[in-house]
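> Mind folding the following:
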Amino acid sequence: PKGQASIELFGDHNPRRLRTPMIRVNPKPPLEELKKVRSQEELRAVLEKYKPIWKPVTWEDAFEYISRRIKEILDEVNWSPRQSDGYYYLGKKFPVMIEAGAKLTNEEAYIIKKMAALMGSHNIDHDARRCHSTTVAGLAGTVGFGAQTQTFIDTQFISAYLIFGGNPAEAHPVSMRHTLRGKEKGTLKLIVVDPRYNRTASQADIFAFFRPGSDLAFLLYILHYAFWERNPPVDQLDTFKEYAQRFNVDLEEINEFKEIAKEYTAEEVSRITGIPVEKLRLIAQTFVENSGVTTGFKKFASIQWAMGMTQHHIGTQITRLSTLVQLTLGNMGFPGGGLNPYRGHSNVQGTTDMCILSHILPGYIKQPSSTLQIRVYQDWKNQGFPDAWNWEIPEWAGSAFGPNEKGKVNSTKVLWSWWFHNWRKFELTW
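I've put the predicted structure just below:
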């Protein structure tokens, strides 16, 4: 299990754990030699030729070495805020990359981001860029936020739980305890669809093997069942029409989904995924009939995933479709319904929030990306930090920030006002 493995890797009793910093004392492989490599054998030969030799040093020596090398590099490139149109750093040209891990605490992540900002750098990242970047893109473009919409505690109130691309019994055991509480109460039906039979699958009410890479077809069949096999179809239910109006669902887009899903019959999806037709129907029926629009919003279904869904070249499309399934069936915005993309390392969420990333400030605040934005921000400060309703945007700023007149507001103007207030907060605290 993941918890035990972490203790074995990083615990005090691991004889291979580093106890002091180490500095490399021999040359690294030259870039020219690495470019000539054409096979694994050639790469192995180059790495063996330049096998690293490490010297243990004190923490004082390590800090002195790091600070000295960074200063030498910055002096070498004449790192300066002086630009042709003002004083600011071009963070993308920062010659040092800051790469951090997702096992850090929130406070450590905040300090690292602050350190990068003080050096004038956007050249900073952490390992969530690989694991859940597709989730963030899929969810943020659909529901506006790139993280899970439920808490662990809320999972015990789910009526039908589809675990599709994750193994929380081993990877997220704390969350699995709440899921098992729902099963013990007899209110939660657990559906696991996975290429492997794992510990999570051993607790499932319904389990199905499926072919890796056929995720989209499987999700489209759930919509096919809801629109084309169910009687009556979900879009003819009064609860669906009420929900669509309340959540501003575009019915023309729903009709587009219907036409796409129409082709994904049980027989066709069985051929694509390898899941038997009757089991496909059982999964879709269990999920749809325990959803908000089909139960008068008394029961809700949820979807959980991890690396199994995200690590595809079409990972963003898969996570986006999962979101659209939940929006269509009325499983968003209610206790027991939602989306659960579980993170990998122990604090991926915290290091993203606080935030070892290049494109945002802690708390998912937009970073300035042009001198125009800075000048509009300075003008906003000169007006006395107004809210969106009392903010008069200068004519020279154009229309990118919202209506120019005081008293006229749209969502763009509200958002920029909120970002400006947060920029002021960072300006004062940093």
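
> Now that residue 321 has come up, it's in contact with residue 216, right?
Yes: shown here, residue 321 and residue 216 form a contact pair, counting by CB atoms under 8 Å, at 6.1 Å. C-betas here are computed from N, CA, C, even on glycine.

> Compare these two and say which is more crowded by neighbours.
A direct count of neighbours by other CB atoms under 10 Å for residue 321 and residue 216 places residue 321 higher, at 22 against 19.

> which residues of the stretch 301-430 of the chain fall in helices?
Assigned by DSSP state H, counting those that start in this stretch, the stretch 301-430 of the chain shows helices spanning 307-310, 315-328, 348-353, 371-382, 411-429.

> hey, least reliable of those helices by pLDDT?
For the helices of the stretch 301-430 of the chain, the weakest mean pLDDT is recorded on helix 348-353, namely a mean of 81.

> what's it packed up against?
The helices and strands touching helix 348-353, judged by 3 or more CB pairs under 8 Å, 6 or more residues apart in numbering; DSSP states H and E, are helix 106-118, helix 128-131.

> ok, residues contacting the helix or strand just after the shortest one?
The one in question is helix 128-131. Counting by DSSP states H and E, the element after helix 128-131 in chain order, helix or strand, is helix 133-140. Helix 133-140 is contacted from outside by 145-147, 305, 309-312, 315-320, 322-323, 339, 341, using CB atoms under 8 Å, 6 or more residues apart in numbering.

> Now with 6 Å, please.
146, 310, 315, 316, 319, 320, 323, 341 (CB atoms under 6 Å, 6 or more residues apart in numbering).

> Residue 273 and residue 209 touch, don't they?
No: if you go by CB atoms under 6 Å, residue 273 and residue 209 don't touch, sitting 9.0 Å apart.

> higher neighbour count, those two?
residue 273 (22 against 15).

> check contacts around that one.
210, 211, 214, 217, 218.

> mind redoing it with 10 Å?
193, 208-218, 221, 280 (CB atoms under 10 Å, 6 or more residues apart in numbering).

> One more: residue 82?
Contacts of residue 82 by CB under 10 Å, 6+ apart are 88, 89.

> What pLDDT is listed against it?
84.

> Check the gap between it and residue 372 for me.
Distance, residue 82 to residue 372, by CB to CB, to the nearest Å: 19 Å.

> re the thing from before, tabulate the helices and strands packed on helix 348-353 in JSON lines, adding columns for mean neighbour count and mean pLDDT.
Below are the helices and strands packed on helix 348-353 laid out as JSON lines (neighbours: other CB atoms under 10 Å; pLDDT from 0 to 100):
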{"stretch": "helix 106-118", "mean neighbour count": "17", "mean pLDDT": "90"}
{"stretch": "helix 128-131", "mean neighbour count": "18", "mean pLDDT": "74"}
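
> how about JSON lines for these, with distance to residue 100 added?
As requested, these are arranged in JSON lines below (distance: least, CB to CB, whole Å):
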{"stretch": "helix 106-118", "distance to residue 100": "5"}
{"stretch": "helix 128-131", "distance to residue 100": "10"}
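
> which stretch among the ones you listed comes nearest residue 351?
helix 106-118 (4.2 Å; CB to CB).

> buried set for the following helix or strand past that closest one?
Per DSSP H and E, the first helix or strand lying C-terminal to helix 106-118 is strand 124-126. In terms of neighbour count (16 or more other CB atoms under 10 Å), strand 124-126 has its buried residues at 124, 125, 126.

> where's the dip in pLDDT among those residues?
Minimum pLDDT across those is recorded for residue 126, with 85.

> And the strands in the stretch 101-250 of the chain?
124-126, 160-164, 189-193, 206-208 (DSSP state E, counting those that start in this stretch).

> Tell me how far the last one lies from the chain's centre.
For strand 206-208, the gap between its own C-alpha mean and the chain's C-alpha mean amounts to 27 Å (CA atoms, centre = their mean, to the nearest Å).

> From the contacts of helix 133-140, pick the one nearest residue 393.
Using CB to CB, residue 146 comes nearest to residue 393 of the contacts of helix 133-140, at 28.7 Å.

> so who does the closest one touch?
In this structure, residue 146 makes contact with 132-140, 319, 341, 352, 364, judged by CB under 10 Å, 6+ apart.

> Export the buried residues of strand 124-126 as CSV, with columns for distance to residue 69.
Below are the buried residues of strand 124-126 laid out as CSV (distance: CB to CB, whole Å):
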residue, distance to residue 69
124, 17
125, 20
126, 21
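
> Could you pull up the contacting residues of the nearest residue to residue 237 once chain neighbours are set aside?
Excluding the flanking residues, the one nearest residue 237 by CB to CB, 6 or more residues apart in numbering is residue 293, at 5.6 Å. Applying CB under 10 Å, 6+ apart, we find residue 293 in contact with 226, 234-235, 237-244, 328-331.

> what do you get if the cut-off is 7 Å, keeping everything else the same?
If you count contacts by CB atoms under 7 Å, 6 or more residues apart in numbering, residue 293 has them with 234, 237, 239, 240, 243, 329, 330.

> Verify the contact between the last one and residue 297 for me.
Read it as residue 330. Yes: counting by CB atoms under 7 Å, residue 297 is a contact partner of residue 330 at 6.5 Å.

> between the two, what contacts are shared?
residue 239.

> for stretch 173-193, what is the average pLDDT?
Averaging pLDDT along stretch 173-193 gives 92.

> Just the C-alphas of it, formatted as CSV.
C-alpha atoms of stretch 173-193 as CSV (Å, rounded to 0.1, in the frame of the first residue of the first chain):
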residue,chain,number,x,y,z
PRO,A,173,-6.9,4.5,1.6
VAL,A,174,-8.3,7.4,3.7
SER,A,175,-10.9,8.2,1.0
MET,A,176,-11.7,4.5,0.6
ARG,A,177,-12.8,4.2,4.3
HIS,A,178,-15.6,6.7,3.7
THR,A,179,-16.6,4.8,0.5
LEU,A,180,-16.8,1.6,2.5
ARG,A,181,-19.0,3.3,5.1
GLY,A,182,-21.5,4.0,2.4
LYS,A,183,-21.4,0.3,1.4
GLU,A,184,-21.8,-0.8,5.0
LYS,A,185,-24.9,1.3,5.3
GLY,A,186,-26.3,-0.3,2.1
THR,A,187,-26.7,3.0,0.3
LEU,A,188,-23.7,3.0,-2.0
LYS,A,189,-23.4,0.8,-5.1
LEU,A,190,-19.7,0.5,-6.1
ILE,A,191,-18.9,0.1,-9.8
VAL,A,192,-15.2,-0.4,-10.8
VAL,A,193,-14.1,-0.5,-14.4
